[in-house]
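Q: everything below, folded, please.
(one chain, ligands or ions: 1)
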Amino acid sequence: MVAAEGKRPKALILISGGLDSMVAARLLLDQNIDVEALHFRTPFSEQNEEFVEKFCRDIGIKLHKIVLKKEYLKIVLAPKHGYGSEMNPCVDCRILELKKAKKVAEKIEADFIATGEVLGERPFSQNKDMMLHIEKEAGLEGKVLRPLSAKLLPETEAERKGYVNRERLYAIKGRRRTHQMTLAKELGIFKYPNPAGGCLLTEPRFADRLKEHIKNEKKLTILDVELLKAGRHFRIGKTKVIVGRNERENYRLSFLCSKNKNLAMLEVNEYMGPTTVIVGKHDVETLQTVAAITVRYSDAPKDTLVSLKYDGKNKRAILNAYAMPDSELRKYII
Ligand code: SF4
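A: Prediction:
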């Protein structure tokens, strides 16, 4: 990563779509640096990608995108550096992202990599020692500039070589975003997402579901993640059951069923009701229990025997069930 003589230095900045990375990108542009952005999408990302695209378009920088799939799931299953407060393997995630960023930076001949990280914003992965460890493990020791906290961190190669003026960088730390918000205003950034959200792995409710899944299934696939994101979840013995909560989820679940032969589907006839998905093998007794749960969440009267259609790929059937009483339902809720 070396700037050719007479050319403006070039930076590759990791853009999450959050306020910090947006401000950091603008700060680099203000130092007359040629900036390109790199955005990662993981199976757990919730950030609006269109928002990132629009931001990059508005400030006139090129956007590169990388979708992390299987290698990311491996990290979530067994992170070398452990989890943060929930199921977020932030340290391993950042190492993987920086390794990928290094390759992109080499390809586009960027002189350095930058991030919007703020010292102390996340106690697990954004303390000084860990930030330096992460860049070292990614093979980027001293080569990652964090414009928002640069003055609290050792001088980077970009500063030493004069690509960036350290005096015009910041010494922000901590979780309060007041300083970044003031800076954003000064830089003309008025629209940015709420700090909450972005990565489902940090959300306690989702993290509980994921823990339960890993404990019972000992594996994690893209399909598993898609299913974890939707509906109410139940476990009947070894069988996992997902019941759609609204039209959008019902549609999503029936779409997933149509694409995967290991999923079976159950819906009530004659009444409005959820799409229910059964994951993996199940016996007749389990199927009858799932039918009762499905009727419970339908509009059918609770004391009426209701007909349901079952689509188990190689087998289709009609069965009947009464709604499961709530006292019994609690046994199965995840
Ligand atoms: S919050 Fe999620 S996306 Fe962000 S570093 Fe942690 S694991 Fe990665």
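
Q: can I get the helix of greatest length in the chain in CSV, CA atoms only?
A: In the chain, taking DSSP state H as the definition, the longest helix is helix 90-108. C-alpha atoms of helix 90-108 as CSV (Å, rounded to 0.1, in the frame of the first residue of the first chain):
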residue,chain,number,x,y,z
CYS,A,90,-17.1,-9.0,17.2
VAL,A,91,-13.4,-9.7,17.4
ASP,A,92,-13.3,-12.6,14.9
CYS,A,93,-15.8,-10.7,12.7
ARG,A,94,-13.6,-7.6,12.6
ILE,A,95,-10.5,-9.7,11.8
LEU,A,96,-12.3,-11.4,8.9
GLU,A,97,-13.6,-8.1,7.6
LEU,A,98,-10.1,-6.5,7.8
LYS,A,99,-8.5,-9.5,6.0
LYS,A,100,-11.1,-9.1,3.2
ALA,A,101,-10.5,-5.3,3.2
LYS,A,102,-6.8,-5.9,2.8
LYS,A,103,-7.4,-7.8,-0.4
VAL,A,104,-9.7,-5.1,-1.8
ALA,A,105,-7.3,-2.4,-0.8
GLU,A,106,-4.5,-4.1,-2.7
LYS,A,107,-6.7,-4.5,-5.7
ILE,A,108,-7.8,-0.9,-5.9
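
Q: which strands and helices sit next to it?
A: Contacts defined by 3 or more Cβ pairs under 8 Å, 6 or more residues apart in numbering; DSSP states H and E place helix 90-108 against strand 10-14, strand 34-41, strand 62-67, helix 70-77, strand 112-114, helix 128-137. C-beta: built from backbone N, CA, C; applies to glycine.

Q: let's see it at 7 Å
A: strand 10-14, strand 34-41, helix 70-77, helix 128-137 (3 or more Cβ pairs under 7 Å, 6 or more residues apart in numbering; DSSP states H and E).

Q: point out the most buried one among those.
A: Among these, the stretch with the highest mean neighbour count (mean count of other Cβ atoms under 10 Å) is strand 10-14, at a mean of 25.

Q: okay, buried residues for the following helix or strand past that one please.
A: The helix or strand immediately downstream of strand 10-14 is helix 19-30, counting by DSSP states H and E. For helix 19-30, the neighbour count (16 or more other Cβ atoms under 10 Å) marks 19-29 as buried.

Q: what does stretch 267-282 give?
A: Buried, per 16+ other Cβ under 10 Å, within stretch 267-282: 267-268, 273-279, 282.

Q: dump these into CSV; add pLDDT and secondary structure as well.
A: Listed next are the buried residues of stretch 267-282 as CSV, based on pLDDT from 0 to 100; DSSP: H, G, I helix; E, B strand; the rest coil:
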residue, pLDDT, secondary structure
Glu267, 98, strand
Val268, 98, strand
Gly273, 97, coil
Pro274, 98, coil
Thr275, 98, coil
Thr276, 98, strand
Val277, 98, strand
Ile278, 98, strand
Val279, 96, strand
His282, 93, coil
